[in-house]
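[1] here's my sequence, what's the structure:
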Amino acid sequence: MKMQEAANRVVRVLLATPGLHRVVSGRLITLYVVGGKSGRRYSLPVAYTRLESTLLIGTPFGWSRNLHSGSRVEVRLHGHRLPADVQAFADEADVVAHYAAICRDNPQFAKFNQIGLDPNGNPVTADLHAAWRAGARTFRLTPR
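    Below you'll find the model as predicted:
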């Protein structure tokens, strides 16, 4: 976990630095979330996929419990910090479909989440369902 925390710190700096954000912002945003119980502020680099004017993200991690449909967060997208509306998905069909879209768009996301890809770049269906059973959730963010 310490390696992941160190990597997150480096990526957050890259995403916030003018000019350097272009190195990683094609696949990553910084998500700013406030803990529901603790009030603690989190800044998390997360992979995203564009869906028209929205951003689709997915995660199996506990911080996602702080995201709820109708709530607002902030994101740093292409160097700009913007408010964004949240739509949360926990249903198996939605999560599997969203994870599939993210994996097809971003093979690194698939690898990080232990989802195999076939020779055509399509995610392995059994791996997508396993990710959902392990706690994966997805979120559509609409930047303002």
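
[2] so where is the protein shaky, pLDDT-wise?
    Counting by pLDDT under 70, the ranges of the chain that qualify are 1-26.

[3] ok, longest strand in it?
    If you go by DSSP state E, the chain has its longest strand at strand 80-89.

[4] touching, residue 44 and residue 63? I think so.
    Yes - between residue 44 and residue 63 there is a contact under CB atoms under 8 Å: 6.4 Å. To be clear about C-beta, it is placed using only N, CA and C from the backbone, and glycine gets the same treatment.

[5] returning to that earlier point: same for the longest strand of the chain, what does it pack against?
    strand 72-77, strand 137-143 (3 or more CB pairs under 8 Å, 6 or more residues apart in numbering; DSSP states H and E).

[6] in it, which residues are buried?
    Within strand 80-89, the residues that count as buried by 16 or more other CB atoms under 10 Å are 84, 86, 87, 88, 89.

[7] kindly report the same for stretch 93-110.
    Neighbour-count burial for stretch 93-110 [16+ other CB under 10 Å]: 95-96, 98-106, 109-110.
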